[in-house]
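Novice: I'd like to go over a predicted model; first the sequence, then the structure.
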Amino acid sequence: MSGTLALTRTELRRLMRNRRYFIFTVALPVVLYLLLGRQFNGNVYGVSFGAFYMVDMAMLGAFSGALSGNAQRISQEKKDGWIRQLRLTSLPAYAYVVSKVIVSMATTVTSIVIVLLLGRFYGNVHLAAWQWLAVAVTIWFSATIFAALAVAIGYRVAPDQVQPITFILYFAFAILGGIWYPLSGTLKTIGQVTPTYQAVKIGTDIIEGASVSVGLAIGLVVWLGIFVALATVAVRSTAETV
Amino acid sequence: MSQYETEDDHQGRTATKVAEGYAAGYTAGYGGSHGGTPVVTFENVSKHYGRLRAVDGLSLDLRAGETVALLGPNGAGKSTSLDMLLALRKPTSGKIQMFGSDPYHAVKSGRVGAMLQSGGLMPEVTVRELVELVTELHPNPEPVAVTLKRAGITQFADQRVDRLSGGQTQRVRFALAICGKSELIVLDEPTAAMDVETRRLFWNSMKEEVAAGRTLLFATHYLEEADQAADRILVINRGRLLADGTPAEIKARAGAKRLSFRLDQVDEPFLLGLPGLVNLEVRNDVVQIQSSDSDATLYAVLDAGYRPHEIEVTSLGLEQAFLAITAEDDRANGHDRTNGYAAGETN
């Protein structure tokens, strides 16, 4: 375990030096919120637009950060042979993936906190302490689901093909999940099953004070199961080429 | 340049190690069947990729304190063998043991340090940070300053890993292989991308590691390197072990001497029947014979009543010995050399 922590510490130090990583996770949602957060009146999913868009942008930064940055790095490090080098140390086999997920959670928590603060002080969203915490944790957990998907892609796909694939997934989950505009009609029927929609809807339900649907929570857990299974199969089946 | 006596001794026991502190009780020999504790054992190990046999029934063992070169052309199965030893790949069949346990647990116990051709480094950190990390992961670490010094990387320890030259990168990889007190060090083509001077420095520091009692296994296709650095050479080609012995023995095995002379009336069938003959080439009146026993070959020529002139006997280097051994193997198996090279390449 101490080895995994040592690796995680070094990974975090690396990440601090990589400013590009923060553009999608922090800068993009912050800029979008500043541009659009106060532009609309009316309710979305039963809450004010400012509150909806806060949850929305927190999810956008967190899930894209967990997905694209991680997949790219894992794929590159696999190609470079760094994963191979680590296998020659006494680190347990799972340590690399575990540290990637921990580092991903550390980045997304930063972006989530910044966007929620923006919602409070720029978007005038007023919530009880437990609601802030519940919204933050919901998005944090949902973004971590995408870290598992990133592991699956990183192990399977060559570095030069990672970007297009994560972009397609990013757009698909953002559009179908109603991140860019709230879902309605047929799109909603389809989009309801995406983890991005489920996360945002749970967030807005918490803000509205409505009871959170068990179906949404189960949906997130099912997605976690699917992505973890994909990641496990990817790691196992590429063991000889790592 | 060789640190061994290379006189024609078929017992092969004259090879002497110059380096001090060499593990006592070691004796070299074909198959390494006596002396020392086995550090590594391969028992009939094969690795097949579909129809391709990258490694094909390899059996060998390494004893404590040996410096062993795994010598073979590109695609001979060297990297695949080392990958299996280091638990990165699983053998299709056969059994590998390291320190009396399976490769995976031996690697995780920190008893082996390795430098792979395909091993990469973590980018965006400094050399020192990287060495610190891998040192921290080792169950039996050396002080970081010692590792940096031994690998000769102290002067660029604060540079970023992704901004190093090829030779510097290679030395950082080497540092990662020696940052713990491992008993066995495995190096896959360690001096690739190094210039001549760096290569010399590298082998000097490597000798210190061996003098400290470590066992060393390295793969190379540089014959000179195997000859100079190793006290035992394993020649492999197309996944099979062709020869195992001291550099002197390997040279002897392939016909250690070249005998050449002019002869007015060449009788090829007679020449082919000469004792010790390994290879024969006749061009007009010039006869070239590769022989494992040049004295006996020459006496037989004279005894038959021939009076050759311009007699010349020269020693073959390891290079010719190696080429002879692999060429013989390729011929015996109906492969020409270019096909032989194609098999089993993993990188």
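Specialist: Great, that's in hand.
Novice: and stretch B:47-59, is it in reach of chain A?
Specialist: No. Stretch B:47-59 lies out of reach of chain A by C-beta under 8 Å from any C-beta of the partner chain, never closer than 9.7 Å. In short, each C-beta sits where N, CA and C put it, glycine included.
Novice: check the offset of that stretch from the chain's centre.
Specialist: 19 Å (C-alpha atoms, centre = their mean, to the nearest Å).
Novice: could you do stretch A:125-138 as well?
Specialist: What separates the centre of stretch A:125-138 from the centre of its chain is 18 Å, taken as C-alpha atoms, centre = their mean.
Novice: touching it from outside, list them.
Specialist: Outside stretch A:125-138, the residues within contact range by C-beta atoms under 8 Å, 6 or more residues apart in numbering or on different chains are A:48, A:50-51, A:54-55, A:58, A:109, A:112-113, A:116, A:119-120, A:199, A:202-203, A:206-207.
Novice: and that stretch, which residues are buried?
Specialist: Neighbour-count burial for stretch A:125-138 flags A:125, A:127, A:131-132, A:134-136, A:138 (criterion: 16 or more other C-beta atoms under 10 Å in any protein chain shown).
Novice: just stretch B:268-278 next, same as before
Specialist: In stretch B:268-278, counting by 16+ other C-beta under 10 Å, buried: B:271, B:274, B:276-278.
Novice: pLDDT on that stretch, on average?
Specialist: For stretch B:268-278, the mean pLDDT works out to 87.
Novice: stretch A:198-206 too?
Specialist: In this model, stretch A:198-206 carries a mean pLDDT of 95.
Novice: and for stretch B:133-152?
Specialist: Averaged across stretch B:133-152, pLDDT comes to 93.
Novice: quick one: end-to-end distance for it.
Specialist: End-to-end span of stretch B:133-152 (C-alpha to C-alpha, to the nearest Å): 18 Å.
Novice: that stretch: how far from the chain's middle?
Specialist: Here the centre of stretch B:133-152 is set off from its chain's centre by 26 Å, with C-alpha atoms, centre = their mean.
Novice: give the contact list for the closest residue to residue B:60 other than its chain neighbours.
Specialist: With C-beta to C-beta, 6 or more residues apart in numbering or on different chains as the criterion, residue B:60 has its nearest non-adjacent residue at 4.9 Å, and that residue is residue B:42. Going by C-beta under 8 Å, 6+ apart, residue B:42 touches B:58-61, B:81, B:85, B:94-96.
Novice: equivalent analysis for residue A:169, please.
Specialist: Residues near residue A:169 by C-beta under 8 Å, 6+ apart: A:67, A:149, A:153.
Novice: from those, which ones fall inside helices?
Specialist: Of the contacts of residue A:169, the ones assigned to helices by DSSP state H are A:149, A:153.
Novice: residues near residue B:107, how many?
Specialist: Using other C-beta atoms under 10 Å in any protein chain shown, the number of residues around residue B:107 comes to 24.
Novice: contacting residues around the helix or strand harbouring it?
Specialist: Residue B:107 belongs to helix B:103-108 when assigned by DSSP states H and E. With contact meaning C-beta under 8 Å, 6+ apart, helix B:103-108 is reached by A:87-88, A:90, A:92, B:84-87, B:96-99, B:112, B:114.
Novice: give me the mean pLDDT for it.
Specialist: 93.
Novice: what's whichever helix or strand comes after that helix packed up against?
Specialist: Later in the chain than helix B:103-108, the nearest helix or strand by DSSP H and E is strand B:112-115. Contacts defined by 3 or more C-beta pairs under 8 Å, 6 or more residues apart in numbering or on different chains; DSSP states H and E place strand B:112-115 against helix B:166-177, strand B:184-188.
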